[in-house]
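Participant: Below is the sequence, then the predicted model.
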Amino acid sequence: MNAGAYGGEIADVLESVTYLDEKGNMTTAPAGNLGLGYRCSLFQEKPWVILSAAFRLRKGQGWEIKALMEDNMQKREEKQPLHLPSAGSAFKRPTGAFAGALIEQCGLRGARVGNAQVSEKHCGFIVNLGGATCADILALARLVTETVHKKTGYLLEKEIRVVDSETGRA
């Protein structure tokens with residue numbers, strides 16, 4: 001979804017993906033057939049499960065790669081609540097705005113439902129303070145979505161996908 005945040009896009013190095021479709025068929029498809037774009041792919045439209053992926057990496061100097069990895073990690077640690085469990089960025093970026101900024105603008109930093117909380121560090125994340133249930137997280141996401149829409153007119157879309165354990169559908 002957002003793997004291009006720090007220095008490149010996954011689509012730039014992805015060669016193919018092997019997935020299981022809704023009928024149980026295993027398929028390997030080249031990256032060019034996956035509808036890859038900014039925070040989107042064919043996998044968001046289909047009830048398929050990615051089993052593996054093949055990448056073509058570029059050669060580089062070990063010290064340069066290590067420095068880039070350390071720099072990327074430092075940026076993530078500065079901006080994201082990596083010390084708490086979360087499903088990553090909870091909302092997609094709406095056209096013309098940033099979800100985290102809208103959530104903060106609406107006074108929702110630190111808002112809680114049970115032990116699910118809008119991150120104090122980055123409002124685009126919903127974190128689990130310990131023992132939060134799926135229902136808590138979804139209720140908080142709904143509160144955030146409704147509040148932001150009411151106060152700003154922006155309708156946030158969840159970036160996280162919830163799979164029904166009974167049907168296996170998102």
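Facilitator: Everything's here; your move. Residues are numbered from 1 along each chain as shown.
Participant: Run through the strands of the protein in chain order.
Facilitator: For the chain, strands defined by DSSP state E occupy the ranges 14-20, 26-30, 49-55, 86-89, 112-113, 116-118, 125-128.
Participant: Lowest average pLDDT across these?
Facilitator: Ranked by mean pLDDT, these bottom out at strand 86-89, with a mean of 88.
Participant: buried stuff in that strand?
Facilitator: For strand 86-89, a neighbour-count test (16 or more other Cβ atoms under 10 Å) marks 86, 89 as buried. C-betas here are computed from N, CA, C, even on glycine.
Participant: Strand partners (parallel or antiparallel) of it?
Facilitator: The pairing partners recorded for strand 86-89 under DSSP bridges are strand 125-128 (antiparallel).
Participant: re earlier: so can I have CSV of the strands of the chain showing distance to A135?
Facilitator: Output for these, formatted as CSV (distance: least, Cβ to Cβ, whole Å):
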stretch, distance to A135
strand 14-20, 28
strand 26-30, 33
strand 49-55, 24
strand 86-89, 14
strand 112-113, 8
strand 116-118, 9
strand 125-128, 12
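Participant: I'd like to know which of those strands is closest to N72.
Facilitator: strand 86-89 (15.0 Å; Cβ to Cβ).
Participant: what does that closest one rub up against?
Facilitator: Strand 86-89 has contacts (Cβ atoms under 8 Å, 6 or more residues apart in numbering) with 1-2, 99, 119, 124-128, 137, 159-160.
Participant: Which one (most neighbours) among these?
Facilitator: Using other Cβ atoms under 10 Å as the neighbour test, the contacts of strand 86-89 are led by I126, with 30 neighbours.
Participant: Distance check, it against G107.
Facilitator: 16 Å (Cβ to Cβ, to the nearest Å).
Participant: quick one: N115 and G130 touch, right?
Facilitator: Yes: between N115 and G130 a contact is recorded at 5.6 Å, counting by Cβ atoms under 8 Å.
Participant: Looking only at neighbour counts, state which of those two leads.
Facilitator: N115 (15 against 8).
Participant: which residues touch that one?
Facilitator: 128-132, 136.
Participant: which two in those residues are spaced the farthest apart?
Facilitator: Greatest spatial distance among those (Cβ to Cβ): G130 and D136, at 11.2 Å.
Participant: returning to what we had before: closest to L84 out of the contacts of strand 86-89?
Facilitator: V127 (4.1 Å).
Participant: my guess is that closest one contacts Q80, does it?
Facilitator: No: with contact defined as Cβ under 8 Å, V127 does not reach Q80; the gap is 10.0 Å.
Participant: Report the spatially closest residue to A101, excluding sequence-adjacent ones.
Facilitator: C123 (7.5 Å; Cβ to Cβ, 6 or more residues apart in numbering).
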